[in-house]
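> can't give you the sequence, but here's the structure:
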């Protein structure tokens, strides 16, 4: 990976590979997952410290069979063991439930897939009747076996007592001098244990990640899967290949998402929402009928129905827009609420403020909310009109239906229903001449 982070802590859709795998394990069982750690163990354990997992330690990396053996003492003999891999994050719960069902009644359930180019993978070897008899690693395979396209994924399910018995018989007499977990299949066949190999039809599910190139392939595969789900739910995607979903999306009916959009955290999109191109939505709730225009960034904000935001707007954490509010281009809002029908249409900053209903904020207005140490709030009453290029120096209150003249610096409360100005007097110097360059 050429990274300071262990492979399983690399990000996939803004969640680590190991978190994807642990989430999947938790979704299909009520048992506490066991994570076998080795390289980068302290970092992995620290990352998972707040999750309900147990750890087993592999001091030396001696192969998959050796890794699994380190955890088996933590499992009861009559339990079914499901073996997953921290660098195989896309396997679905549906596939794993099939595997667990196949492992009932003492069978060994194994997962395979077909690859057009099986290079580097262990091959599934079948007899003339089609029964699986062995898994052969590529370095140990014959030329004929290397022509096989059904490959081992390493994912299996089996009763723990059997796995303990087979793991105890593993040796490292092979080309890589490792303890292969795959040798357990040959042992099962020799004992007459039923082997059920389920062939995964979507090879992207079992994609292993060993470098940044494969990580990028997995990212696209995951994004394709998530986009397809939204399409099935009726969301209009202008280009499914140019949407990144890095969290959970809940969408109503007739939602439309344009190209280049990034959705992070938990995002809810109400009926008839439109999300414009190259917009980033992070942990936000967008009400029905609201339009988010191009190149807007919205984080930890709540937007009521029928609002308009953007283009080029930034709504920071703590922003709340009431129904029908409008936020236009090059506007930043933080920790503030806009009342019903209020407008901040362009080139303004609103921070730590409460705006009533039908407030109009002129271009170039800012709330001066920070004195260098503390934040202070600004309150603007219903129907107030704030002229362009105004600075409101908090803490300050602007009354209902007040008008603030353009270019004012307001540092004291402005009364309701009155015009308040704070400008230096305008003067003209009649004899003034523009400076010129000296000759010579």
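Yes, it's here. Bear in mind that the values here come from a model prediction, so they are computed numbers and not experimental data.
> what about residue 221, which SS state?
helix (DSSP: H, G, I helix; E, B strand; the rest coil).
> and it, what is it in contact with?
90, 204, 207 (C-beta atoms under 8 Å, 6 or more residues apart in numbering). Just so you know, the C-beta spots here come from the backbone N, C-alpha and C atoms, and that holds for glycine as well.
> likewise residue 131?
residue 195.
> Equivalent analysis for the one 3 residues further on, please.
Contacts were defined as C-beta under 8 Å, 6+ apart; by that measure residue 134 touches 125, 185, 186, 189.
> Swap in 6 Å and give it another go.
Residue 134 is in contact with 125, 186, counting by C-beta atoms under 6 Å, 6 or more residues apart in numbering.
> Report the beta-bridge partner residues of the most centrally placed residue in the chain.
By C-alpha atoms, centre = their mean, the chain has its centre lying nearest to residue 246, at 2.4 Å. Here residue 246 sits in beta bridges with residue 264, going by DSSP bridges.
> now it: how far from residue 323?
Residue 246 sits 29 Å away from residue 323, going by C-beta to C-beta, to the nearest Å.
> Same question for residue 37.
When residue 37 is compared with residue 323 (using C-beta to C-beta), they lie 51 Å apart.
> which one of the two has more residues nearby?
residue 37 (21 against 17; other C-beta atoms under 10 Å).
> what's the helix or strand for that one?
strand 34-37 (DSSP states H and E).
> mean confidence for that strand?
Average pLDDT, strand 34-37: 97.
> what does that strand contact?
For strand 34-37, the external contacting residues (C-beta under 6 Å, 6+ apart) are 44, 53, 54, 55, 56, 57, 58, 67, 70, 71, 74.
> For those residues, pick the one with the most neighbours.
residue 44 (23 neighbours).
> and that one, what are its phi and psi?
Residue 44 adopts backbone torsions of phi -70, psi -40, taken as degrees, to the nearest 10.
> so who does it touch?
Applying C-beta under 6 Å, 6+ apart, the residues near residue 44 are 6, 37.
> how near is it to residue 36?
Distance from residue 44 to residue 36, by C-beta to C-beta: 10 Å.
> Residue 402 too?
For residue 402, the distance to residue 36 - C-beta to C-beta - is 67 Å.
> which one of these two has more residues nearby?
residue 402 (24 against 20).
> Which residue ranges of the stretch 151-300 of the chain form strands?
195-200, 236-237, 243-251, 256-257, 261-269, 274-275, 280-286, 291-292, 297-299 (DSSP state E, counting those that start in this stretch).
> Output these in TSV; the columns should cover mean pLDDT and distance to residue 330.
TSV is the format used below for the strands of the stretch 151-300 of the chain (pLDDT from 0 to 100; distance: least, C-beta to C-beta, whole Å):
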stretch	mean pLDDT	distance to residue 330
strand 195-200	96	49
strand 236-237	98	28
strand 243-251	97	24
strand 256-257	98	23
strand 261-269	98	20
strand 274-275	98	19
strand 280-286	98	16
strand 291-292	98	15
strand 297-299	98	12
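> Let me have the ones you listed in TSV, adding distance to residue 329 as columns.
Formatted as TSV, these follow (distance: least, C-beta to C-beta, whole Å):
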stretch	distance to residue 329
strand 195-200	48
strand 236-237	25
strand 243-251	23
strand 256-257	20
strand 261-269	18
strand 274-275	16
strand 280-286	16
strand 291-292	13
strand 297-299	13
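> Between the two ends of stretch 316-333, what distance do you get?
This stretch, stretch 316-333, spans 6 Å end to end (C-alpha to C-alpha, to the nearest Å).
> Likewise for stretch 126-140?
16 Å.
> If we go by neighbour counts, what in it is buried?
132, 134, 135, 136, 137, 138 (16 or more other C-beta atoms under 10 Å).
> Kindly report the same for stretch 433-440.
Using 16+ other C-beta under 10 Å, none of the residues of stretch 433-440 count as buried.
> quick one on the thing from earlier: please pick the buried ones from the contacts of residue 221.
90, 204, 207.
> show me where pLDDT drops low in this protein?
440 (pLDDT under 70).
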